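Participant: Sharing a model that was predicted from the sequence below.
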Amino acid sequence: MIPDNFLTPDEENQVVEAIRVAEKNTSGEIRVHLEKSIGNDSLDRALKVFYELGMQNTAQRNGVLFHVNIEKKIFSVLGDKGINEIVPSNFWDSIKDKVIAEFRNQNYAKGLVAGILEVGDKLKQYFPHQKDDVNELSDEISKNY
């Protein structure tokens with residue numbers, strides 16, 4: 001898979017718009033990071049990226065990272081401490097399943113959009129959007145390739 005072709009510019013815009021829509025439901029902050037394979041452990045790499053992007057710096061510790069290792073075709077979703085301390089242990093399972101099902105059919109944007117919207121919907125129960133909510137993290141897709 002060629003990284004430049006993972007998402008078209010239009011698909012990137014769809015993903016960013018999904019983040020904006022999802023964040024209207026929740027005070028949670030969602031980021032998407034795409035990269036070529038770096039190292040052998042994608043989950044460790046996703047955690048490192050989480051901190052590199054400053055996602056632990058949200059007021060409620062409610063950041064969510066969608067991390068895609070393009071070359072190894074591995075998807076990870078990570079939530080910050082504030083989320084993981086209060087949601088059920090299987091909270092991320094349906095989100096991962098939804099994204100991966102679309103990825104298997106090479107519907108990368110559709111998978112990310114579906115997962116992002118589900119995160120927004122599920123997080124509103126725990127972190128509802130507040131009138132004075134500020135966007136603490138960029139909605140833009142970050143990349144390393």
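Facilitator: Everything's here; your move.

Participant: quick one, strands of the protein?
Facilitator: With strands called from DSSP state E, the chain shows them at 29-35, 63-69, 74-79, 142-144.

Participant: Just put these in JSON lines and tack on mean pLDDT, distance to E52 and mean neighbour count.
Facilitator: C-beta: built from backbone N, CA, C; applies to glycine. Output for the strands of the chain, formatted as JSON lines (pLDDT from 0 to 100; distance: least, Cβ to Cβ, whole Å; neighbours: other Cβ atoms under 10 Å):
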{"stretch": "strand 29-35", "mean pLDDT": "96", "distance to E52": "9", "mean neighbour count": "23"}
{"stretch": "strand 63-69", "mean pLDDT": "96", "distance to E52": "10", "mean neighbour count": "25"}
{"stretch": "strand 74-79", "mean pLDDT": "94", "distance to E52": "12", "mean neighbour count": "20"}
{"stretch": "strand 142-144", "mean pLDDT": "93", "distance to E52": "9", "mean neighbour count": "15"}
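
Participant: With distance to I100 as extra columns, can I get those in JSON lines?
Facilitator: Supplementary listing: the strands of the chain in JSON lines, determined by distance: least, Cβ to Cβ, whole Å:
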{"stretch": "strand 29-35", "distance to I100": "15"}
{"stretch": "strand 63-69", "distance to I100": "11"}
{"stretch": "strand 74-79", "distance to I100": "6"}
{"stretch": "strand 142-144", "distance to I100": "20"}
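
Participant: Could you identify the longest helix within this structure?
Facilitator: In terms of residue count, the longest helix belonging to the chain (DSSP state H) is helix 108-123.

Participant: Would you pull up how far it lies from the middle of the chain?
Facilitator: Computed by Cα atoms, centre = their mean, to the nearest Å, the chain-centroid distance of helix 108-123 equals 8 Å.

Participant: ditto for stretch 121-139
Facilitator: 14 Å.

Participant: buried sites along it?
Facilitator: By neighbour count with 16 or more other Cβ atoms under 10 Å, stretch 121-139 contains the buried residues K122, L123, K124, Y126, F127, D133, E136, L137, D139.
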